[in-house]
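**Student:** no sequence on this one, just coordinates:
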């Protein structure tokens, strides 16, 4: 919200608007819409699979990094399909979607946190701050210095 910021200060700021959902909003959307829809579409019941909040947050942080929720829904769908396959193979126990189950079903972490970013003699890492109408988030930026190439004629 720009209204509380004084006009002289706003003139000196670079304002970049970032559209998208916060992690809290994504968790709420997942529990209210995405998980029930994917459970239904993949032919399983809520008694056969359980998504704890920690599991959903783990998927959001390490497997989907987008402004919307399309990739999150696809990822939840993948987990539900794998459970449907397990049920078809005769494994009837309820699946609780934990960090270990997610890594088994989806493979290694796709999105790394700032601490795991590559560093080297030419890497530059910095932090920024992003603010939207519902809160603030830290943004991580990594850049590498490269020699310029001559343009082709």
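**Tutor:** Thanks, I have the structure now. Because the structure is a prediction, the values reported are computed rather than measured.

**Student:** how many other residues sit next to residue 39?
**Tutor:** 21 (other CB atoms under 10 Å). To be clear about C-beta, it is placed using only N, CA and C from the backbone, and glycine gets the same treatment.

**Student:** swap in residue 106?
**Tutor:** Residue 106 has 16 nearby residues by other CB under 10 Å.

**Student:** And for residue 104?
**Tutor:** Neighbours of residue 104 (other CB under 10 Å): 10.

**Student:** What separation is there between it and residue 95?
**Tutor:** 11 Å (CB to CB, to the nearest Å).

**Student:** and if you look at residue 19?
**Tutor:** Taking CB to CB, one finds residue 19 at 34 Å from residue 95.

**Student:** and if you look at residue 109?
**Tutor:** Counting by CB to CB - residue 109 and residue 95 are separated by 20 Å.

**Student:** And for residue 25?
**Tutor:** Relative to residue 95, and taking CB to CB, residue 25 is found at 26 Å.

**Student:** out of these two, which sits in the more crowded spot?
**Tutor:** Higher neighbour count among residue 25 and residue 95: residue 95, with 19 against 12, using other CB under 10 Å.

**Student:** Show me the strands in the protein, by range?
**Tutor:** With strands called from DSSP state E, the chain shows them at 49-50, 95-96, 123-132, 135-144.
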